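J.: Sequence first, predicted model second:
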Amino acid sequence: MTHDMKSRPVAGLRRNDPVLVRALQAITFCGVLLGMLLYAWLAVRSDAVASHRGLAEAAAVGQVAADAELARIEAAVDRTAPLIAGTLGKDVSAEDLRTANAKIADILSSTPIAAIAVMDGKGGIVSVFGQMPADAAGRLTPASSSQRAGQKLLNLDLVPVSDLRAAYSQDIVLADGARMPVVFVLRTGAFQAALDAGASAGNGWRAALLNVDGQILLSHAAQGGDFTRSDVALAARVTGWKPLYANEALANEHVSGRENGASVETRMVAGGRLHLIYLSDEPSLLAAIASRQWEFMALLGVSVLALVLALSLIQNEWRRDDRDSEDTFLVLAQARASCDLLDAGVIDWSVKDGRVTYSDGWAEMFARSIKPDAQDAHEWISRIHPDDQDAARETYQSMLDGTARDVVHLIRIRLPSGLWVQVQERGRVIEGTDGAPARIVLVQTPKAADGGALKETLLGLGESRDYARAS
């Protein structure tokens, strides 16, 4: 790449340009921002996996607790059923009735059952054992069949009574073989251990116990939350589960799924008579960052510090390189200007790419103001007299090898007219930042003419004519 004295070769190479610096800053900032977003995404993903794992573990614990609670209820029913049947006989005395009541109350005190209501065939209450809760009075009905039963009717032995209470229904057999529907009203704390297990899933959890018809028997949720029918629909949609029909296969015992930022876990209880459903909202981006605010702030601080240091180092290096380039350009420009004023020519030889740049003064003195088309050192060396070329090559090689830094020698250069002119060539090596030769500057000054020089020139002219004639 050839440049003359009026051009500024370093202007196009300036890297400390404000626009370029701002572009570098923007790219680096975007890289840091992308890294922060990636970290936040990984945090959300990690929290979501941990939340779902916690929900699955909670469901496993809740399933065991629900099975155990139902077993306690059925054990209490089996113990109290004979006592209740004994009170319904025709020859029961008041003393026998008080004794039975006392025994039943004693049994119920350590069970999930709060009260027992004996129903007639029309839904009326015949007798009550224990203390009937206010929210259950007037809401009790005999055992009914599932509204979603298929070809075979399926009894609903567990039904909701109020928002906080459920009831267990079962027929008892009297001494005469007749059957009487009995409703066992559960305490508000029934199945609480199974529902509370969902708390281990973290914020936004909800849990519910459903019967065969998909009715919410009991539910529990994190503070400010509630298990709704839409949650039941979500669980059914995500897991493919639906309330069990009598003539269909049982639903899966263990089903997991995710949808719309919610995790779902379902567990079968008592062979499908009940289902536990747990839901939890997967953590949001802000929640994940908030839970790791100190880690995030530390990472952000380190990233910003690294950004500032990296930009500072890069810009300082660019400034240094630009200053070196400008200094080199100014030195060469000053040298060329001085040489032009002194009728000397300058050759700037770039060692890295082997290209040669000629000054205007050199072109005026040795090439009729026309700079050579070739841009390598071989073109210049071809202009040297054959008898001087070997010595010139050795001199240049010593400069390339670093063994000589400054040289001064005489060489003959062919002019466009064919004449050979003797010039004094001074050379200097300019080292790069690594200490190796980066550029070689050659300055040619025609030697002052005298009689001997004129004779030598005339002889040279004759030789050039003989050479031309021979060729």
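T.: Received the coordinates, thanks. Numbers count the residues shown, from 1 in each chain.
J.: need the strands for the stretch 51-200 of the chain, in chain order.
T.: For the stretch 51-200 of the chain, applying DSSP state E, counting those that start in this stretch gives strands covering 113-119, 125-130, 144-145, 155-156, 158-162, 165-173, 179-186.
J.: Repeat that for the stretch 301-450 of the chain.
T.: Counting by DSSP E, counting those that start in this stretch, the strands of the stretch 301-450 of the chain are 345-350, 356-358, 406-414, 420-431, 437-446.
J.: looking at the strands of the stretch 51-200 of the chain, which is closest to Arg267?
T.: strand 158-162 (15.6 Å; CB to CB). To be clear about C-beta, it is placed using only N, CA and C from the backbone, and glycine gets the same treatment.
J.: ok so, going back, next, format the strands of the stretch 301-450 of the chain as JSON lines and append mean pLDDT and mean neighbour count.
T.: Formatted as JSON lines, the strands of the stretch 301-450 of the chain follow (pLDDT from 0 to 100; neighbours: other CB atoms under 10 Å):
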{"stretch": "strand 345-350", "mean pLDDT": "85", "mean neighbour count": "21"}
{"stretch": "strand 356-358", "mean pLDDT": "85", "mean neighbour count": "22"}
{"stretch": "strand 406-414", "mean pLDDT": "90", "mean neighbour count": "16"}
{"stretch": "strand 420-431", "mean pLDDT": "88", "mean neighbour count": "19"}
{"stretch": "strand 437-446", "mean pLDDT": "86", "mean neighbour count": "19"}
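J.: give the contact list for Ala190.
T.: 69, 73, 112, 165-166, 218 (CB atoms under 8 Å, 6 or more residues apart in numbering).
J.: again, 6 Å this time
T.: If you count contacts by CB atoms under 6 Å, 6 or more residues apart in numbering, Ala190 has them with Pro112.
J.: one step back: could you point out which of the strands of the stretch 301-450 of the chain sits nearest Leu88?
T.: Per CB to CB, nearest to Leu88 of the strands of the stretch 301-450 of the chain: strand 437-446, 114.0 Å.
J.: before we move on, the earlier item: select, out of the strands of the stretch 51-200 of the chain, the one closest to Ala363.
T.: Of all those, strand 158-162 comes closest under CB to CB, at 104.6 Å.
J.: What is the closest one packed up against?
T.: strand 165-173 (3 or more CB pairs under 6 Å, 6 or more residues apart in numbering; DSSP states H and E).
J.: follow-up on the earlier one: which among the strands of the stretch 301-450 of the chain is found nearest to Val183?
T.: strand 437-446 (100.7 Å).
J.: Provide the contact partners of that closest one at residue level.
T.: Under CB under 6 Å, 6+ apart, the answer for strand 437-446 is 339, 344-351, 399, 402, 421, 423-430, 432.
J.: again, only this time at 8 Å
T.: 328, 332, 335, 339, 342-352, 362, 365-366, 396, 399-400, 402, 413, 421-432.
J.: Which strand residues bridge Val183?
T.: Counting by DSSP bridges, Val183 is bridged to Ala117, Ser169.
J.: Tell me how many other residues surround it.
T.: 23 (other CB atoms under 10 Å).
J.: average model confidence for stretch 257-270?
T.: Mean pLDDT, stretch 257-270: 81.
J.: what comes up buried for it?
T.: 257, 262-269 (16 or more other CB atoms under 10 Å).
J.: Any chance you could give me that stretch in PDB, C-alpha atoms only?
T.: Backbone C-alpha positions of stretch 257-270 (Å, rounded to 0.1, in the frame of the first residue of the first chain) are rendered in PDB as follows:
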ATOM      1  CA  GLY A 257     -47.100 -32.200  35.200                       C
ATOM      2  CA  ARG A 258     -46.500 -28.500  34.500                       C
ATOM      3  CA  GLU A 259     -48.500 -25.900  32.700                       C
ATOM      4  CA  ASN A 260     -48.600 -22.100  32.600                       C
ATOM      5  CA  GLY A 261     -45.900 -21.700  35.300                       C
ATOM      6  CA  ALA A 262     -47.600 -24.100  37.700                       C
ATOM      7  CA  SER A 263     -46.400 -27.600  38.900                       C
ATOM      8  CA  VAL A 264     -48.900 -30.300  39.600                       C
ATOM      9  CA  GLU A 265     -48.600 -33.500  41.700                       C
ATOM     10  CA  THR A 266     -51.400 -36.000  42.300                       C
ATOM     11  CA  ARG A 267     -51.500 -39.000  44.500                       C
ATOM     12  CA  MET A 268     -54.100 -41.700  44.900                       C
ATOM     13  CA  VAL A 269     -55.400 -42.400  48.400                       C
ATOM     14  CA  ALA A 270     -57.200 -45.600  49.500                       C
END
